[in-house]
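Asker: Return a 3D structure for these sequence lines:
(one chain, ligands or ions: 1)
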Amino acid sequence: MKQILVLIILCNTILFSNAQNWDSLAKEAAKTEIYEPVPKIVTPGAFNITAPSDAIYLFNGKNLDEWVLTNNPSQKATWLVSNGMFTVNKKVGNIQTKRAFTNYQLHLEYMIPSNITGEGQLRGNSGLFLASTGGGDEGYELQILDNYNNKTYVNGQCGSIYKQFIPLANACKKPGEWQTYDVAWVAPTFNTNGTLKTPAKVTVYHNGVLIQNNVVLLGETRWIGTPYYKAHGACPIKLQAHGDNSEPISFKNIWIREL
Ligand code: MG
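Answerer: Predicted coordinates:
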C-alpha cells in the first residue's frame, strides 16, 4: 500500500513539473506574439496553376520519392499518400525534400480537413519551411494554419513569416477547400567567416492574393526569442508535422522552378 502511495505521489510530481515547464515555455513564447493590426479578410478569386515545362515536381500525386524524414534523412517520408494527395503523419514528424535548393519559385497546394477542430495555433497547424537549416523546426517558416474563422497572434497566423511578418491580407479559404501558396524565395548569402552577406527575401501569394511583398527576413523563424541567421548553403524544403491534436492536413501539386 505504501509503495503504491509513493508511486502515485512520484507520478503527480512528474506531471506537475512538466506542466510548470510548459507554462514557463509558453510565457517566454508569448513575449514575441503580436495581436494587432489584424489583416483584412479578402475572398480569393478562382486560381489554379499547373506546372510550367521547366518545373521539378516535388509531388505529382503518386509517391513521396522526393521526400525524407527530417530527423532521419536516410528514411523515406512515411506520410500517407492516397487519392493523388498526401496527409501529415504526426507520429513520424516533419518531412523534407531530398534535393537542396537556393533561389526558387514554388507552388504548393494544401487542404485543411472539413472536420477540423481546435483553436488558435492548435487548428490545422503545419508550415512550409522555405529552407530547412536543421532538424525539427529549424529554418524559415511560412505558416500554414486554419484562420478562416480562427484568431491567433497575427504574426503567427496563416501566411505569416512566423513571428516576423504579418500577412498583408487573410486570404484563407474554408476548411475542406484546396488552397495555394506561390512563393518566390531568395536565399540569404554568407561571407566565408559565416557572417551574413545578404538577407533572405520572400514574396508570397496565398490563393492568388499577394500576402508577403518582398519582405527581408531578420533571420530564421523562431517560436521563442528573436530571429537570427546562422550560415548555410543550399537547403531542403520542409513541411511541418505540428504536435497539436487537430486533424492532419493534406497536400498536393507541389512543384519548383530553380532560379
Ligand atoms: Mg506551423
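Asker: so who does the nearest residue to Pro188 once chain neighbours are set aside touch?
Answerer: Leaving aside its chain neighbours, Pro188 sits nearest to Ala200 (4.2 Å; criterion: Cβ to Cβ, 6 or more residues apart in numbering). The way it works is simple: take the backbone N, C-alpha and C, and place the C-beta from them, glycine included. Applying Cβ atoms under 8 Å, 6 or more residues apart in numbering, we find Ala200 in contact with Leu130, Ala131, Tyr140, Trp185, Val186, Ala187, Pro188, Val216, Leu217.
Asker: And those, which of them are buried?
Answerer: Buried residues within those, counting neighbours by 16 or more other Cβ atoms under 10 Å: Leu130, Ala131, Tyr140, Trp185, Val186, Ala187, Pro188, Leu217.
Asker: if we can go back for a sec, and the gap between the residue nearest to Pro188 and the ion?
Answerer: 18 Å (Cβ to the ion, to the nearest Å).
Asker: What count of nearby residues applies to Ala241?
Answerer: The tally of other residues near Ala241 (other Cβ atoms under 10 Å) stands at 22.
Asker: what's near enough to touch it?
Answerer: Counted by Cβ under 8 Å, 6+ apart, Ala241 has contacts Trp79, Val88, Asn89, Lys90, Val92, Gly93, Asn94, Ile95, Ser126, Pro248.
Asker: how about 10 Å then?
Answerer: Residues counted as contacts of Ala241 (Cβ atoms under 10 Å, 6 or more residues apart in numbering) are 69-70, 79, 88-95, 125-127, 137, 248-249.
Asker: again with Trp67
Answerer: Contacts of Trp67 by Cβ under 10 Å, 6+ apart are 58-59, 73, 76-79, 86, 95-99, 236-239, 254.
Asker: Would you write out the PyMOL command that picks the buried residues out of these?
Answerer: Buried residues among the contacts of Trp67 (16+ other Cβ under 10 Å), as a PyMOL selection:
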select buried, resi 58+59+77+79+86+95+96+97+236+237+238+239+254
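Asker: before we move on, back to that, ok, of the contacts of Ala241, which come out buried?
Answerer: Among those, those classed as buried by 16+ other Cβ under 10 Å are 69-70, 79, 88, 90, 92-95, 125-127, 137, 248-249.
Asker: so which two of these are the farthest from each other?
Answerer: Leu69 and Asn125 (18.9 Å; Cβ to Cβ).
Asker: Format the buried ones among the contacts of Ala200 as JSON lines; extra columns: pLDDT, secondary structure and distance to the ion.
Answerer: Formatted as JSON lines, the buried ones among the contacts of Ala200 follow (pLDDT from 0 to 100; DSSP: H, G, I helix; E, B strand; the rest coil; distance: Cβ to the ion, whole Å):
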{"residue": "Leu130", "pLDDT": "98", "secondary structure": "strand", "distance to the ion": "13"}
{"residue": "Ala131", "pLDDT": "98", "secondary structure": "strand", "distance to the ion": "15"}
{"residue": "Tyr140", "pLDDT": "98", "secondary structure": "strand", "distance to the ion": "12"}
{"residue": "Trp185", "pLDDT": "98", "secondary structure": "strand", "distance to the ion": "17"}
{"residue": "Val186", "pLDDT": "98", "secondary structure": "strand", "distance to the ion": "22"}
{"residue": "Ala187", "pLDDT": "98", "secondary structure": "coil", "distance to the ion": "20"}
{"residue": "Pro188", "pLDDT": "98", "secondary structure": "coil", "distance to the ion": "21"}
{"residue": "Leu217", "pLDDT": "98", "secondary structure": "coil", "distance to the ion": "16"}
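Asker: out of these, which one sits closest to Gly243?
Answerer: Using Cβ to Cβ, the buried ones among the contacts of Ala200 come closest to Gly243 at Tyr140, 19.5 Å.
Asker: Which helix or strand contains Leu58?
Answerer: Using DSSP states H and E, Leu58 sits within strand 56-59.
Asker: Strand partners (parallel or antiparallel) of the helix or strand following that strand?
Answerer: Next along the chain after strand 56-59, taking DSSP H and E as the criterion, comes strand 67-69. If you go by DSSP bridges, strand 67-69 pairs up with strand 72-76 (antiparallel), strand 95-97 (antiparallel).
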